[in-house]
Structures are given as structure tokens and as C-alpha cells.
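**Q** Pasting a predicted model and its sequence here:
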Number of protein chains: 2
Amino acid sequence: MSGYTRDVTQLPVVDQPPPLSGALLEHLARRIRLRAEAVLAPLGLRPRHLVALTVLRVHGECSQQALSATLAMDGTNIVGLLNELETGELIERRRSPQDRRRHIVEITDTGRALLAKAEFALAAAEDEVLGALDRNQRETLNALLQQATAGELLVFTETGGA
Amino acid sequence: MSGYTRDVTQLPVVDQPPPLSGALLEHLARRIRLRAEAVLAPLGLRPRHLVALTVLRVHGECSQQALSATLAMDGTNIVGLLNELETGELIERRRSPQDRRRHIVEITDTGRALLAKAEFALAAAEDEVLGALDRNQRETLNALLQQATAGELLVFTETGGA
DNA sequence: ATGGATCGTTTGTGTAAGGCAAACGATTTA
DNA sequence: TAAATCGTTTGCCTTACACAAACGATCCAT
């Protein structure tokens, strides 16, 4: 599965490094996050909340530890994060009927509404940072990110949690 | 300039939020960063170094405070970051002839080499996270990020630093 | 039924990133 | 000559996390 043979059908030109996105991803994320903080504060949100809500909107409901894996964040910290979101009734924790130890986490309508509101408010900030991209390109970018994000959960859906 | 009228030539369908990338950007960046740390450690690098080097490769040489602005990081912290990079001879600080208070920061050949080496090492980690994107999409993604990143510096190039 | 695993939770500790402020030497500019 | 600027050093503070240990509730296997 991990034996992903990179496309070396031709000769390795000059041993050129593959197109790498991580650093740029991080760089742009930071620039946006800094501006986002100021915009989100009045809404009682911080960047981490935005990320969690966004992920919860993409995926449907999910167990708390699945969320922990998806956000790549320690389980103990997820508790606190969800507490904050639950206080604002942005997410809902309910017991799983199948396994009553589990919490089923889901974004609420209030959560969706606030998320949408936040997104409107953030548009300007993003425009500022992603100014070099035109509308089309930004949509392409977003589609790619969305697809990449949605892809993760397949792993956990397939595996089920083994 | 900031009066960017979003394309509302038609009726605002249902007041749908604009395509937002910030949260997803941050989410994916985090997932990659965590895996990257392990890969970079043996090279004596941390994610922040990778970001700095990558940015320095995209832009050419630049003053230290321009870098501070580009990385959106406090000037005092830039000093330490550059010190670490300079110790490894990955970047070079030299005095500007025009204004000898200024430091001209530039990535060295050693820096480029190590950066390339790191990128090779990181490919697997990215493959893992961006697995839902095919080769073409990943190239598109990278091109967009590159373009967005390169765009920032225009601001400072134009303004000159006023 | 009993014992061992599992899920979420609490608490507590540690670390790394980074902001912010003050003061300094070297330099430029007015 | 005086004031502003660039990088630098020092010191303090906050935030986001990871990690470990212990707990109650629950599931599961024997």
C-alpha cells in the first residue's frame, strides 16, 4: 500500500525534489490564522475551534477518539476543546446506543450557523493573504483541500477502528 | 483596494458562505507537520526551519525585517531562528552596502542542498496525508500555494518598506 | 459473575513557540 | 549633533500541546 512507486518512467532528470506542499501549507495557514484570530475573537471563537467545526462539518458525526485521530490531537486535549464548543452549543455529545462508553460528536445547527457567520467574516482576511489567486484559483484550492481532508476519514471508516 | 466587490452579479442564492480555505489549510498543515517532525529531526531541522528555508528559496535575498513581515513573526524571534540556520551554514547574513544597519539574508548552497534532501525525505509523509489527491492534483495544489506565497512579496517590493 | 480491556474524563506536569517590552550598539538621516 | 532605524540581547508571559496516571462507566470474554 505504501509502495507508491513515484512516476519514474523517464530518467530521473537531475534528482529533482518532488513538489512539496507542507511548508507552504504551514506558511499560508499561519498568515491566515493570525488575521483570523482578531476576527474570530468577537464571536467567542479561536482558530482551533474553527478547525474542529470545519472538520465536523465535512465528516458527519463521529466518535470522540476518531476525532482525536482526525485532528491528530491528544485525546485529553480533545475533551477540553469539545467542552468549549459544547458550552456554546456548537456541538452535541450524545452517548452511542451501540456502545454507551462512546460519545457521538456532531455539529449542531447553531454550530453550522456560527461557522457560516465566521466564514463570512473571514473572507476579507483570506482575500488579503490569498490575494495572488483569482476567484477561480481559490475555488480550485478549496476543492483540493476539501478532497484531501475528506480522504482521511476513509482510513478510519474502512478500518472501523481496529 | 480592499473594496473587493465579490461577484454578486446574480441574486445572492441563499447567502452561502464563500469557499474558505484557512481552516482546512491549518488542518492539513498540522497533520503533515507532525509526521514531518520525526523525519526532519535526524537532519537537525524543525518544521519552522523548513518554512523559513522554503520561503527564502522562493523569494531571493531579503532584509531581516522583510522576512519578519513575510513569516509574520516577531523580529526578535527571527533573530534566534536565523541564528540556528546560520550555525548550520544554511543561510548567510551579510551587511547591506546601501544601509549597513541592514542584514541581507540569503539561503546558501548548503541550505538549498539540505532543503532538497529534506524534501525527498518528506515525500512519503506527504503522500500519506495527501493520499486522496492524485499526482496531478498535488502538482496543482503546489502550484497554487507557490503562487499565493510568491504574491505576498509584491506588497513589500512595491511599498519598498515605507 | 468476575476480570480485563476500552472510552471518556480529570488532574498535573513539562515543553516549545512565540508575543511583547526594554535597553543597547551601530548606523543612517535630518 | 540629534533623532530615527536595524538588528540584537534579555527577560517575562501566554498558549497550545503532549504525556502520564488514575478514575467511573461500560463492554466483552471466560
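**A** Arrived safely.

**Q** how about low-confidence regions in chain A?
**A** Low-confidence segments of chain A (pLDDT under 70): A:1-15, A:153-162.

**Q** Any residues of it in contact with DNA strand C? List them.
**A** A:30, A:34, A:63-65, A:68, A:75-76, A:78-79, A:82-83, A:93, A:99, A:101-103, A:161 (CB under 7 Å from any atom of the strand). (Glycine included, C-beta is placed from N, CA and C.)

**Q** Mind checking which of these are in helices?
**A** Taking DSSP state H, the ones among those that sit in helices are A:30, A:34, A:64-65, A:68, A:75-76, A:78-79, A:82-83.

**Q** By neighbour count, which of those wins?
**A** When neighbours are taken as other CB atoms under 10 Å in any protein chain shown, the top entry among those is A:L82 (21 neighbours).

**Q** Identify the residues contacting the residue lying closest to A:R35 once chain neighbours are set aside.
**A** If the residues on either side of it in the chain are set aside, A:R35 comes closest to A:A125, at 4.0 Å by CB to CB, 6 or more residues apart in numbering or on different chains. Counting by CB atoms under 8 Å, 6 or more residues apart in numbering or on different chains, A:A125 touches A:32, A:35-36, A:39, B:22.

**Q** just curious, which of the residues you listed is nearest to A:P47?
**A** For these, the closest approach to A:P47 (CB to CB) belongs to A:A36, at 5.6 Å.

**Q** what packs against whichever helix or strand the closest one is part of?
**A** Assigned by DSSP states H and E, A:A36 falls within helix A:22-40. In terms of contacts (3 or more CB pairs under 8 Å, 6 or more residues apart in numbering or on different chains; DSSP states H and E), helix A:22-40 is packed against helix A:47-58, helix A:109-129, helix B:22-40, helix B:47-58, helix B:109-129, helix B:135-159.

**Q** same thing but at 7 Å, please
**A** When contacts are defined as 3 or more CB pairs under 7 Å, 6 or more residues apart in numbering or on different chains; DSSP states H and E, helix A:22-40 packs onto helix A:47-58, helix A:109-129, helix B:22-40, helix B:47-58, helix B:135-159.

**Q** what would those look like in a markdown table with distance to A:R138?
**A** What follows is the helices and strands packed on helix A:22-40, written out as a markdown table (distance: least, CB to CB, whole Å):
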| stretch | distance to A:R138 |
| --- | --- |
| helix A:47-58 | 16 |
| helix A:109-129 | 8 |
| helix B:22-40 | 11 |
| helix B:47-58 | 19 |
| helix B:135-159 | 8 |
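
**Q** is it true that A:I107 touches A:V55?
**A** No: A:I107 is beyond contact range of A:V55, at 9.3 Å (criterion: CB atoms under 7 Å).

**Q** on that earlier part again, would the helix holding A:A36 count as contacting DNA strand D?
**A** No: judged by CB under 7 Å from any atom of the strand, helix A:22-40 and DNA strand D are separated, with a smallest distance of 8.6 Å.

**Q** That helix relative to helix A:109-129, how many degrees between them?
**A** Between the axis of helix A:22-40 and that of helix A:109-129 there is an angle of 120 degrees, by axes from the mean of the first three to the mean of the last three CA atoms, to 10 degrees.

**Q** Check what contacts helix A:22-40 and list those residues.
**A** Applying CB atoms under 7 Å, 6 or more residues apart in numbering or on different chains, the contact partners of helix A:22-40 are A:46-47, A:50, A:118, A:121-122, A:125-126, A:128-129, B:22, B:25-26, B:28-29, B:32-33, B:36, B:47, B:50-51, B:54-55, B:72, B:122, B:126, B:145-146, B:148-149.

**Q** now stretch A:105-119
**A** A:40, A:43, A:45, A:50, A:53-54, A:56-57, A:61-62, A:64, A:67, A:82, A:89-93, B:17-18, B:20.

**Q** Let me see the contact set for the residue minimising distance to the centre of chain A.
**A** Central residue of chain A (CA atoms, centre = their mean): A:V55, 4.3 Å from the mean position. Residues counted as contacts of A:V55 (CB under 7 Å, 6+ apart) are A:70-71, B:27.

**Q** measure it to DNA strand D for me?
**A** 13 Å (CB to the nearest atom of the strand, to the nearest Å).

**Q** And A:D99, by the same measure?
**A** 4 Å.

**Q** how many other residues sit next to that residue?
**A** The number of residues near A:D99, taken as other CB under 10 Å, comes to 10.
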